[in-house]
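Visitor: Got a sequence here, can you model it:
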Amino acid sequence: MDAQALKSGVEISKYFMIGDNPAGDIRGANQMGWESILVRTGVYKPGDYLDEHSKPTHEVDSMMKAVTMILNQF
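Guide: Numbering: from 1, shown residues only. Okay, the predicted model is just below:
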């Protein structure tokens, strides 16, 4: 992503991962140092956090709320 952004003249200052799977989506984002946003839909079940590595930075109830949250930061 960084190479493509550089080629396009875009500077990326922060990465976000939006997902509904703490074990996959959120853990992966956290391992990369990205902001992780857990959407409480789909495969998510309350209490799904396996450990601190799968705990999200943020939690929301819908994809629209996740996108709105990201856009409101800028």
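Visitor: Let me see the ranges of the strands in this structure.
Guide: All strands of the chain, identified by DSSP state E, fall at 16-19, 35-39, 58-60.
Visitor: Tell me which of these sits most buried.
Guide: strand 35-39 (a mean of 22; mean count of other CB atoms under 10 Å). C-betas here are computed from N, CA, C, even on glycine.
Visitor: Paired strands for it, with orientation please.
Guide: Paired with strand 35-39 in the same sheet, following DSSP bridges, are strand 16-19 (parallel), strand 58-60 (parallel).
Visitor: will you turn the strands of the chain into TSV that also has distance to residue 6 and mean pLDDT?
Guide: Formatted as TSV, the strands of the chain follow (distance: least, CB to CB, whole Å; pLDDT from 0 to 100):
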stretch	distance to residue 6	mean pLDDT
strand 16-19	19	96
strand 35-39	21	96
strand 58-60	27	95
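Visitor: want to throw the ones you listed into TSV with distance to residue 4?
Guide: Below are these laid out as TSV (distance: least, CB to CB, whole Å):
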stretch	distance to residue 4
strand 16-19	16
strand 35-39	20
strand 58-60	25
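Visitor: and residue 52, which of those strands is closest to it?
Guide: strand 35-39 (12.0 Å; CB to CB).
Visitor: hey, C-alpha coordinates of the closest one in CSV?
Guide: Written as CSV, here are the backbone C-alpha positions of strand 35-39 (Å, rounded to 0.1, in the frame of the first residue of the first chain):
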residue,chain,number,x,y,z
GLU,A,35,-6.0,1.1,14.4
SER,A,36,-8.5,-1.8,14.6
ILE,A,37,-12.2,-1.3,14.5
LEU,A,38,-14.4,-4.2,15.5
VAL,A,39,-17.9,-4.2,13.9
